[in-house]
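Peer 1: One predicted model, sequence on top.
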Amino acid sequence: MEVKIKVNHKNITDNIPADLLLIDFLRKHGFYSVKRGCDTANCGLCTVLIADEPVLSCAVLTARANGSHITTLEGMQKEAEVFGSFMADEGAEQCGFCSPGFIMSVLAMEKEFEKKGITNPSEDQINKYLSGNLCRCTGYMSHTRAIMKYLKRAGGLK
Amino acid sequence: MFNGKNYLRPSTLEEAWTLNQNKNNKIIGGMLWLKMGHKNISTMIDLSDLGLSTIEENDQEFRIGAMCTLRELEEHSGMEQFFSGMIRNSIESIVGVQFRNLATVGGSVYSRFGFSDILTVFMALDSYVELYKGGIIPLEKYADMPYDQDILMRVIIKKRTRKGVYLSIRQTATDFPVLACAVSQNQEGAWKIIYGARPGKALAFESGLPEKPGLSDIEEAIGKLKSWGHFAGNMRGSAEYRKALAEALLRKAIRYTMDMTRA
């Protein structure tokens, strides 16, 4: 079946099998930041935004995403770079495999906090929002430090 | 992952229902559980265009469309207030935000999973399901019905004031529950006590608790619970372990609920 999907502001038209998962569609079109880290919709590595909402692209039919706008990490280079430097400063980047999905979730979390007027989120609020992103290297301490500093940076949450 | 040959998005409920009468076709909810299997599906039926993605609220009830996501349910301020956070508490440990942005209320309730937090919490409230052909029936009855080819349109929760809590034990923060317990008390003082992940699907425990239970009433209820033969073992825990947890959760839940009623 034919689908028209906008990925990072670029229109893609493709003829796909009806049961093609969005993660496989995105990788087929070169968006390799989107990765499959588990087989159970639990790890968060395949996180993308559909209409600004973070979802697991391993559990979305491409057919259902027809007509929508998808954002992957490739489309958020600038924002990712800013947060990425906070991660590097805290040594939060180890093998790096989980980072793309994790960064997508952090950026989505920041937007949601802003929308809700949460200017000074607690560690608990952050942990709850990010519980769907697994990292098997760090134990999350360095991640948490990076996020706290990132959210409190000049020009951060307001 | 399953195989699906065709994908259709019916524009009327009748069309969706007709498609669903063919057992080779399957309604696609949030797909989180379905994708774990290896079914061969002829036509994947997507209910996204049937106006079932909203939560409506009026004086009498909340009407939750089957295609609403768990995240929408969790974030709904009306339900948060009315059911004192019970619904949010039951949902926020389910995997993560990205998962809950996909998982649907209809998918959870239709499937009547043993591990379902949602079914457990809904059963502790005054809940009904609305089926396209079967009409509106109490959720407790639906939980017991065999799987059929009808279409679950929405879950309806009556706005009868209840105070209550949702408690669960999990081996890790976002895993399936080892045991779930939802307890509520209505304005007339009647209790509802529901256990989920027994590991079987949610079931009401008739405790016989009076409106204002004293210590001896609680001990009597615990005694009944000890001989309640509805806990079993699986990879997450033995029946004995669940029974011990059930007792601890019930004591806590009664205390929390009574504190809320007093306040």
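Peer 2: It's in. Every value quoted in this text rests on a predicted model; they were computed, and no experiment measured them. Numbering: from 1, shown residues only, chains lettered A, B, ... in the order given.
Peer 1: what's the closest non-adjacent residue to the residue nearest the centre of chain B?
Peer 2: The residue lying closest to the centre of chain B (C-alpha atoms, centre = their mean) is B:Leu119, at 1.5 Å. Distances taken as C-beta to C-beta, 6 or more residues apart in numbering or on different chains put B:Ala202 closest to B:Leu119, at 4.6 Å, once the chain neighbours are dropped. (C-beta placed from N, C-alpha, C; glycine too.)
Peer 1: What is the burial count for the residue of chain A found nearest chain B?
Peer 2: Residue nearest to chain B within chain A: A:Gly132 (1.3 Å; C-beta to the nearest C-beta). Using other C-beta atoms under 10 Å in any protein chain shown, the number of residues around A:Gly132 comes to 25.
Peer 1: where does it fall, phi/psi-wise?
Peer 2: Per-residue torsions, A:Gly132: phi -90, psi 10 (degrees, to the nearest 10).
Peer 1: where does the residue nearest to it when sequence neighbours are not counted fall, phi/psi-wise?
Peer 2: Distances taken as C-beta to C-beta, 6+ apart place B:Gly96 nearest to A:Gly132, at 1.3 Å, with adjacent residues excluded. B:Gly96 adopts backbone torsions of phi -170, psi 170, taken as degrees, to the nearest 10.
Peer 1: Pull up the gap between the residue in the stretch 51-200 of chain B positioned nearest to chain A and A:Tyr129, please.
Peer 2: Per C-beta to the nearest C-beta, B:Gly96 is where the stretch 51-200 of chain B lies closest to chain A, at 1.3 Å. Applying C-beta to C-beta, to the nearest Å, the value for B:Gly96 to A:Tyr129 is 8 Å.
Peer 1: Neighbour count: those two, which is higher?
Peer 2: Ranked by neighbour count (other C-beta under 10 Å), B:Gly96 and A:Tyr129 place B:Gly96 first, with 25 against 22.
Peer 1: Provide a list of residues in contact with that one.
Peer 2: A:Asn42, A:Gly44, A:Ser105, A:Leu130, A:Ser131, A:Gly132, A:Asn133, B:Thr174 (C-beta atoms under 8 Å, 6 or more residues apart in numbering or on different chains).
Peer 1: about what we covered before: mutual contacts of B:Gly96 and A:Tyr129, please.
Peer 2: Taking C-beta under 8 Å, 6+ apart as the contact rule, B:Gly96 and A:Tyr129 both touch A:Ser105.
Peer 1: May I have the residues that are in contact with the residue of chain A closest to chain B?
Peer 2: A:Asn42, A:Gly44, A:Thr47, A:Leu56, A:Ser105, B:Val95, B:Gly96, B:Val97, B:Gln98, B:Phe99, B:Thr174.
Peer 1: and which of those is nearest A:Gly117?
Peer 2: B:Val97 (18.2 Å; C-beta to C-beta).
Peer 1: So which residues on chain A come close to chain B?
Peer 2: A:1, A:18-19, A:21, A:40-42, A:44, A:47, A:53-56, A:58-61, A:63-64, A:105, A:108-109, A:128-133 (C-beta under 8 Å from any C-beta of the partner chain).
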